[in-house]
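K.L.:
no sequence on this one, just coordinates:
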Ligand code: IMP
Ligand code: MG
C-alpha cells in the first residue's frame with residue numbers, strides 16, 4: 001500500500017447506491033427522449049470511462065459507443081481553444097444523434113471546446129450528460145443538458161475521477177484530502 005493512500009480519502013460524498021439510482025433515472029430519460037432512435041454515446045477519457053460503462057448498460061435504445069481524449073493546457077489564465085484532442089473518434093458522426101458522456105464539468109472549457117468541435121461535424125443532434133457539475137468554478141457559459149449531481153467546489157476522486165492517476169477505481173465519489 002502506498003503511504004497515505006487511504007488517508008487521503010477524506011469523506012464519501014456520493015455512494016455507489018446513489019450513483020446507481022441516478023444513472024437508472026438518467027437512462028430512463030434518454031430512452032424517453034430518443035424513443036427507439038439509435039444514439040452514439042461519446043465518452044471523454046479517461047475520467048468518464050466508469051460512468052460510460054454503467055450508463056451504456058442502463059439505456060435500452062440502440063446504442064453505439066465512441067471515445068475521445070483531450071488534454072488541457074490552460075492554467076486558468078488562458079481561456080477556451082486550448083485543449084488538444086489526443087484521441088479522436090473513429091466514426092463519421094454526421095448520421096448520428098450524439099450524446100457526450102463526461103465525468104465532471106469544472107471550468108467548462110473542455111466541454112465547450114469539444115462540443116464546438118463536434119458541432120462542426122454536423123451530427124443529427126448533440127447533447128451532453130455529465131455525472132458531476134461544479135458550477136461555482138465555471139469560467140464559460142457552458143451548461144450540460146443533463147447533470148446527475150451538482151457538487152460544491154471540492155476536489156473529488158473515485159468512479160473514474162483521479163488524483164495523480166490514482167483512485168479512479170473507487171466505486172463511490174469522495175472528497176480528496178489535499179492536506
Ligand atoms: P474543465 O475543462 O475545467 O471543465 O475540466 C474538466 C476536467 O477536469 C474533468 O474532465 C476532469 O478530468 C478534471 N477535473 C475537474 N475537477 C475535478 C475533480 O474535482 N476531480 C478530478 N478531476 C477533476
Ligand atoms: Mg474528464
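P.N.:
Okay, I see it. Source: prediction; values computed, not measured. Ligands and ions are numbered 1, 2, ... in the order given.

K.L.:
any idea how far the spatially closest residue to residue 61 that is not a sequence neighbour is from ligand 1?
P.N.:
Nearest non-adjacent residue to residue 61, counting by C-beta to C-beta, 6 or more residues apart in numbering: residue 34, 4.7 Å away. All C-beta spots, glycine's among them, are computed from the backbone N, C-alpha and C. To ligand 1, residue 34 is 24 Å away according to C-beta to the nearest ligand atom, to the nearest Å.

K.L.:
isn't there a strand covering residue 54?
P.N.:
No. According to DSSP: H, G, I helix; E, B strand; the rest coil, residue 54 belongs to no strand; its state is helix.

K.L.:
can you tell me which residues contact it?
P.N.:
Shown in contact with residue 54 (C-beta atoms under 8 Å, 6 or more residues apart in numbering): 19, 20, 23.

K.L.:
hang on, the first one packs against residue 159?
P.N.:
Looking back up the chat, that one is residue 19. Yes. The pair residue 19 / residue 159 is scored as a contact, 6.3 Å apart, by C-beta atoms under 8 Å.

K.L.:
Give me the more crowded residue out of the two.
P.N.:
Neighbour totals were compared for residue 19 and residue 159, and residue 159 leads with 25 against 21 (other C-beta atoms under 10 Å).

K.L.:
who are the neighbours in contact with residue 121?
P.N.:
Residues in contact with residue 121, defined by C-beta under 8 Å, 6+ apart, are 92, 93, 94.

K.L.:
Closest to ligand 1 out of the residues you listed?
P.N.:
Nearest to ligand 1 out of these is residue 93 (C-beta to the nearest ligand atom; 20.2 Å).

K.L.:
Tell me how many other residues crowd the closest one.
P.N.:
18.

K.L.:
ditto for residue 41
P.N.:
Applying other C-beta under 10 Å, I find that residue 41 has 21 neighbouring residues.

K.L.:
same thing with residue 179?
P.N.:
With other C-beta under 10 Å as criterion, residue 179 counts 5.

K.L.:
now swap in residue 112 and tell me
P.N.:
20.

K.L.:
My assumption is that it lies in a helix; please confirm.
P.N.:
Yes. Using three-state DSSP, the secondary structure at residue 112 is a helix.

K.L.:
Isn't it up against residue 138?
P.N.:
No. Residue 112 sits out of contact with residue 138 when judged by C-beta under 8 Å, with a separation of 9.9 Å.
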